[in-house]
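J.: Sequence plus predicted model, see below.
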Amino acid sequence: VEDIAFELREGEIRAVIGPNGAGKSTFFNMLANVIAPSAGTIEFRGENIGGLGATLTCQRGIAKSFQINQIFLSLTVRENIMIPALAREYGKFNMSMLKAVAGDAALDAVIAETAAAVQLTARLDTPATELAYGEKRRLEIGLALATRPQVLLLDEPTAGMSPAERAGTVALLKRIAAGTTIIIVEHDMDVVFGLADRVTVLFNGRKIAEDSPEAIQANAEVRAAYLGTPIAYEPA
């Protein structure tokens, strides 16, 4: 990743796209402070947060969900959501926290609100291992939402989903976006162009375009690098 200038507007849904190896995951992990940049700065609401690490970055209000589910399969949906909610409030999580939270009305409210947002209210007391794949993906998003983020980073949230599950997740993300700024890395262009306000395109570690979905679809350089250039067909 080299010399990428990136500015996010509050309340927008921004998609980051590019072919495999373009630098999307590295760039995403730098925004979440999973990886420290070797040069340049990452600023959030006027504060340089570069090098804070993932935990403090999350507590500042930037949360990341993962392409591969990072949920606690042996715990219920309720307990899964409880862990990031507690970590957001108290810092790094330890299992002893679970022993002293019974009857915490504020915590119960966060869990209920998060479960409702990802449509898992009826599954709160179900072990995560028993969830269907699409439900696990929604729970993964719920873990990030439970930290009450101001910016939500979503790494391929529809990966592996059926068309019906993808459509449901797009509708879910549109509802979430009403109160949260979202950056999404996604390979499904129907999802990208159906969700994003603006699209940033990476290629070989550099930003080659940034514009509205309509302008990105019409951009010749983007089509050549990623979307594909239509081939003129002449009948024999």
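T.: Everything's here; your move.
J.: before we move on, could you check phi and psi at the residue nearest to the spatial centre of the chain?
T.: By Cα atoms, centre = their mean, the chain has its centre lying nearest to Leu154, at 1.2 Å. Here is the backbone geometry of Leu154 (degrees, to the nearest 10): phi -120, psi 120.
J.: Just give the closest residue to it, not the sequence neighbours.
T.: Closest residue in space to Leu154, ignoring its immediate chain neighbours: Ile184 at 4.5 Å, by Cβ to Cβ, 6 or more residues apart in numbering. Heads up, the C-betas are built off the backbone N, CA and C, glycines and all.
J.: Tell me which residues touch the one you found, please.
T.: Ile184 sits next to 13-16, 153-154, 157, 173, 191-192, 195-196 when contact means Cβ atoms under 8 Å, 6 or more residues apart in numbering.
J.: now, which of those residues sits nearest Pro84?
T.: Closest to Pro84 out of those is Leu153 (13.9 Å), distances taken as Cβ to Cβ.
J.: Name the next helix or strand downstream of the host helix or strand of that closest one, please.
T.: Using DSSP states H and E, Leu153 sits within strand 151-155. For strand 151-155, the following helix or strand on the C-terminal side (DSSP H and E) is helix 163-176.
J.: for this protein, which spans come out with low pLDDT?
T.: Within the chain, the ranges that satisfy pLDDT under 70 run 66-69, 89-103, 227-236.
J.: Do a quick rundown of the strands in it.
T.: Along the chain, counting by DSSP state E, strands occupy 13-17, 43-44, 47-48, 62-65, 151-155, 181-185, 198-203, 206-211.
J.: Can I get these in a markdown table including distance to Leu56?
T.: What follows is those, written out as a markdown table (distance: least, Cβ to Cβ, whole Å):
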| stretch | distance to Leu56 |
| --- | --- |
| strand 13-17 | 23 |
| strand 43-44 | 11 |
| strand 47-48 | 11 |
| strand 62-65 | 10 |
| strand 151-155 | 14 |
| strand 181-185 | 19 |
| strand 198-203 | 25 |
| strand 206-211 | 27 |
